[in-house]
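# Turn this into a structure:
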Amino acid sequence: QVQLLESGGGLVQPGGSLRLSCVASGKNIFSIWLMGWYRQAPGKQRELVASMEHSRDAIYADSVKGRFTISRDNAKHTVDLQMNLLSPEDTAVYYCHADRIITTATAYDDQWGQGTQVTVSS
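Okay, the predicted model is just below:
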């Protein structure tokens, strides 16, 4: 069993910054192919924010390019999202996502965190 544990959401004023963190927790995790962040605003579909394959370049949604930065620590099985110049349009529940989590016993696909709320408001 693996879990994705998120932290770092909250309330921030427009133009401010937040950093989200996510760690994959479980026994004997060997590697994780893909880690990233999605978000879902009220009344909208869940959308990709940023993702990064193991040792590959990141991809970003057009709406966050130049403002958000994703980073991974493969040894610690973590993925962070640094969010700068936040606007009210960034308000959403942000979900950590991981695919192809390989442990010494088995592999887990398409895993999601519980979500963390980010609210951008003055």
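# Tell me who's in contact with the residue of the chain most remote from its centre.
Distance from the C-alpha centroid of the chain peaks at A105, with 25.2 Å (CA atoms, centre = their mean). Applying CB atoms under 8 Å, 6 or more residues apart in numbering, we find A105 in contact with K27, N28. From N, CA and C alone the C-beta is placed, and that goes for glycine too.
# Tell me the secondary structure at it.
Using DSSP: H, G, I helix; E, B strand; the rest coil, the structure places A105 in coil.
# Model confidence for it, exactly?
pLDDT for A105: 89.
# so how far is M83 from it?
Going from A105 to M83 by CB to CB, to the nearest Å gives 35 Å.
# where exactly do the helices run in the chain?
Assigned by DSSP state H, the helices in the chain number zero.
# Give me the neighbour count for W112.
Residues near W112, counting by other CB atoms under 10 Å, number 14.
# Enumerate every residue touching the residue nearest to the spatial centre of the chain.
Centroid-nearest residue in the chain, with CA atoms, centre = their mean: W37, separated by 2.8 Å. By CB under 8 Å, 6+ apart, the contact set of W37 is 20, 22, 48-51, 70, 79, 81, 94-97.
# What separates the first and last residues of stretch 77-88, distance-wise?
With CA to CA, to the nearest Å as the measure, the ends of stretch 77-88 fall 30 Å from one another.
# correct me, but S87 touches V120?
Yes: shown here, S87 and V120 form a contact pair, counting by CB atoms under 8 Å, at 6.0 Å.
# Distance check, the residue farthest from the centre of the chain against G26.
10 Å.
# next one: S71
21 Å.
# by contact count, what packs against the helix or strand of the chain with the lowest mean pLDDT?
Sorting the helices and strands of the chain by mean pLDDT, DSSP states H and E puts strand 107-108 at the bottom, at a mean of 90. Strand 107-108 sits against strand 92-103, with contacts defined as 3 or more CB pairs under 8 Å, 6 or more residues apart in numbering; DSSP states H and E.
# out of S87 and V120, which sits in the more crowded spot?
V120 (19 against 12).
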